[in-house]
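1. I need the structure of the sequence given here:
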Amino acid sequence: MRAVVTVIALWLAGLGSAAQFGKLSFAFDLMAARYPEQGAAGIGLIVSIVGIVGLIFGTTSGLLVARIGPRRAIVAALVLGAAVSALQTLPLPYALLILTRVFEGVSHLAIVVVGPTMIAGIAPPRHQGLAMTLWSSFFGVTYALLALIAPPLLQGGSIAALFLGHAGWMAVLAVVLVALLPPDPVAPALPSIGGLIRQHGIIYASPRIAAPAMGFVFYTAIYVALLTLLPPLLPEDQRALAAAGMPLVSIAVSLTLGVWGLRHVSAVQMVQAGYAVGLLATLLLWLAWGQGMGALLAAFALAGAMGIVQGASFASIPQLNDTAEDRARASGAVAQLGNVGTTTGTPVLALMIGAMGPVGLIVFVLPLCAAGIALHALQARRRQAWR
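-> Here you go, the predicted structure:
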């Protein structure tokens, strides 16, 4: 029972880390009103800089967490996240706000590295697929919850209620996880800068440590870009349904069909199956474009396929890596390449839609799905050669 409660508490910490993005997304207009001189690009930086921290330091964080200790790292990250969120309710100068978001990026990165690493070690083997798939849902669940909670909290024109609520959430979970998590082992000395650089090479050369991240990057590029840019291309009466329904379908498929599939085939095979269904759904989207509800149903199918990829990618971390240190490294690489996908996918798809119209979406998704299948096949062959 303690293991179940701990897994749920770690997942709730994941919701708090996703809200470090989401709270700014929902408060975007209020932040624009607070800093009118910064323009859309300046306000966009407030949102995106958390991800930029992960893009730069994702793999490094995996290396450091393994040495600092996961319990110390996640509790410190939650405390830092709570303090920063509370500080952001003050009328800070823009430069200082950006600095707080950099610290929030550090907090976010530690949580998303420690969370899956600890869940993989705590969950019983027969429930590991379910536990890792539950973890993988943290972003989608957070945005769905914020869609309900944030508007009334922001209705008065102040961010204070939303941000203080987030600070309280992070602080409570810090206390809960102090009580639930086992003490960290004695931490070895931190590596030198040269050692960190060498470790990056070791991580990305390994067909076990790097494989989850190398498959995951295509998912993040596709998924975030689709949620952002596909609904506006649909008929007006379908846009709201697509925007709300696609993430929910993704979560539902991941937690049902995805978990069921992980009991019968390996996580890597499930990732490949998700991308294969994504290929078919993208072709159906192309064929059904402009045909009533056909395109909307194909969009839901594509979102569901990406949900399978999402959950199975996280489940592949413990399946491919036996030690806590390697799992932390793999989670750091997932954070790093995941941020590469989220950062690049949307602007690239926007350019392709601008140049080719809706066909640009098809041309964008198809090769990424194919690449996800092919790269995992290549890494599987490399793992066999290493035996």
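2. now for the helix or strand that contains Leu248, which elements pack on it?
-> Remark: Leu248 resides in helix 236-253, with elements defined by DSSP states H and E. For helix 236-253, the helices and strands in contact under the criterion 3 or more C-beta pairs under 8 Å, 6 or more residues apart in numbering; DSSP states H and E are helix 138-154, helix 211-229, helix 294-320. Where C-beta positions appear, they are placed from N, C-alpha and C, glycine not excepted.
3. now do 6 Å
-> Contacts of helix 236-253 with other secondary structure elements, assessed using 3 or more C-beta pairs under 6 Å, 6 or more residues apart in numbering; DSSP states H and E, are made with helix 138-154, helix 294-320.
4. Give me the mean pLDDT for the helix or strand following the last one.
-> The element immediately downstream of helix 294-320 (helix or strand, assigned by DSSP H and E) is helix 324-356. Looking at helix 324-356 alone, the average pLDDT works out to 80.
5. what's the helix or strand just after helix 324-356 packed up against?
-> Scanning the chain past helix 324-356 towards its C-terminal end, the next helix or strand to appear is helix 359-386 (assignment: DSSP H and E). Helix 359-386 makes packing contacts with helix 211-229, helix 267-288, helix 324-356 when contacts are defined by 3+ C-beta pairs under 6 Å, 6+ apart.
6. Distance from the chain centre to helix 359-386, please.
-> Computed by C-alpha atoms, centre = their mean, to the nearest Å, the chain-centroid distance of helix 359-386 equals 19 Å.
7. show me what contacts Leu257?
-> In this structure, Leu257 makes contact with no residue, judged by C-beta atoms under 6 Å, 6 or more residues apart in numbering.
8. How about the secondary structure of it?
-> Reducing the assignment to helix, strand or coil with DSSP: H, G, I helix; E, B strand; the rest coil, the entry for Leu257 is helix.
9. State the pLDDT value of it.
-> 88.
10. which residue is nearest the middle of the chain?
-> When C-alpha atoms, centre = their mean is applied to the chain, the residue found nearest the centroid is Phe139 (5.9 Å).
11. which one of the helices and strands packed on helix 236-253 lies closest to Ile353?
-> When the helices and strands packed on helix 236-253 are ranked by proximity to Ile353, the top entry is helix 294-320, at 14.4 Å, counting by C-beta to C-beta.
12. Show me what the closest one is packed up against.
-> In this structure, helix 294-320 packs against helix 94-122, helix 128-136, helix 211-229, helix 236-253, helix 267-288, with contacts taken as 3+ C-beta pairs under 6 Å, 6+ apart.
13. Quick check: buried residues in the third one?
-> Going back to what we said before, that points to helix 211-229. For helix 211-229, a neighbour-count test (16 or more other C-beta atoms under 10 Å) marks 211-227, 229 as buried.
14. With the last one instead?
-> Applying a neighbour-count criterion of 16+ other C-beta under 10 Å, the buried positions in helix 267-288 are 267-279, 281-282, 284-286, 288.
15. Good, wrapping up.
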